[in-house]
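Novice: got a predicted model here, sequence first, then my questions.
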Amino acid sequence: MELTRSLTMFLAVANKLSFRKAAIDEGVSPQAVSKSVKHLEKNLGVKLLHRTTRHLSLTEEGERLYQNANPGMQLLNDALDELQENKRGMSGRIRLAAPLAFGNRVLVPLMHEFQLSYPDVHFDLMLSDAFVDTISQRIDIGFRTGLSPERNVISRKLGDIVSVICAAPSYLEEYGIPSNIEDIQNHRCTGFLHPQTGKEMPWEIQVDGELTYVHVPAIARFNNIEAEIDAVKLGLGIGQLSEYLVKQELDTGALIRLIPEGTTARLGIYMYYTERTQIPFRIRQFIDYCHNKFLNK
């Protein structure tokens, strides 16, 4: 049992390459984690980690143990989870990762609806616009907007991301309604900065059935889509926004659709998770629940 506990601590360290972060995940002190790893190294007779004051890395033996033991530990955890679920019914925790805007506007309501039927299923939600690795971060289900995940995961497309050009009624009353994309150049617009590169993203326009990119005169640029949406709603300028994020505003008239050529659907919404021999029942249920909710929209 002690050796298994030490192996668990080692895998936590290998996932994060940090004693401190592993200790937080395991709910123990960094000293306890370090002691467990040393105990494992002593029993195996090999060095598993290179340690310096500023850097932590796996030795060749440590990398081999991590690659071989981590999937097995996941299977063991899944088996224990399923036994507990069979005993208690639908209960347990699901760890999710999603982009900020999608998590706030779409995923949190889905979590709430799911818990109305299964109140003993609890969630941890990690919000980040960067791609989150499900294995290293111990994520059960990840969500991504944009292009399909290319890593070794199972990916399911939930729907298209439709981009629409829109503005608040207050803006249109003050500055008028643009009649075409050329007219947009004479208007005040908002722009979006790529969170990783910091570069302004061009607008996507359909011309004779082909997708083209247009740079607009952005009087305000944002690296957070929630902030850009709020700015457009306040009448700061015209924006090209994701329809699913502003559906309520479009339905109620708080935002007005403009210029049909600015409606495109190049990107998608994806749900992804690590391939497992046995997925815990609560996780399978939530995967199917999300898929069906988008399918029936």
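Specialist: Perfect, I can see it now.
Novice: pull the CA atoms of the helix or strand hosting residue 164 into CSV?
Specialist: Element membership for residue 164 (DSSP states H and E) is strand 154-167. Output of strand 154-167 as CSV, limited to C-alpha atoms (Å, rounded to 0.1, in the frame of the first residue of the first chain):
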residue,chain,number,x,y,z
ILE,A,154,-11.2,11.5,-28.9
SER,A,155,-12.9,14.6,-30.4
ARG,A,156,-16.6,15.2,-31.1
LYS,A,157,-17.8,18.2,-33.0
LEU,A,158,-20.8,19.8,-31.2
GLY,A,159,-21.5,22.5,-33.8
ASP,A,160,-20.3,25.3,-36.1
ILE,A,161,-19.2,28.6,-34.9
VAL,A,162,-21.2,31.1,-37.0
SER,A,163,-19.6,34.6,-37.0
VAL,A,164,-22.0,37.6,-37.5
ILE,A,165,-21.4,41.3,-38.0
CYS,A,166,-23.7,43.2,-35.5
ALA,A,167,-24.1,46.4,-33.6
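Novice: please renumber so the chain begins at 46
Specialist: Yep, numbering from 46; the last one is strand 199-212 now.
Novice: which helices and strands does it pack with?
Specialist: Secondary-structure packing of strand 199-212 (3 or more C-beta pairs under 8 Å, 6 or more residues apart in numbering; DSSP states H and E): strand 248-252, strand 284-287, strand 301-303, strand 309-318, helix 326-340. In short, each C-beta sits where N, CA and C put it, glycine included.
Novice: of all those, which lies closest to residue 154?
Specialist: Residue 154 lies closest to helix 326-340 among those, at 9.6 Å (C-beta to C-beta).
Novice: next, the buried residues of that closest one.
Specialist: Neighbour counts using 16 or more other C-beta atoms under 10 Å place 326, 327, 328, 330, 331, 332, 335, 339 of helix 326-340 among the buried residues.
Novice: with stretch 150-165 instead?
Specialist: 150, 151, 152, 153, 155, 156, 159, 163.
Novice: CSV please, covering the buried residues of helix 326-340 and showing pLDDT.
Specialist: Shown next, in CSV, are the buried residues of helix 326-340 (pLDDT from 0 to 100):
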residue, pLDDT
326, 86
327, 90
328, 91
330, 91
331, 95
332, 93
335, 93
339, 84
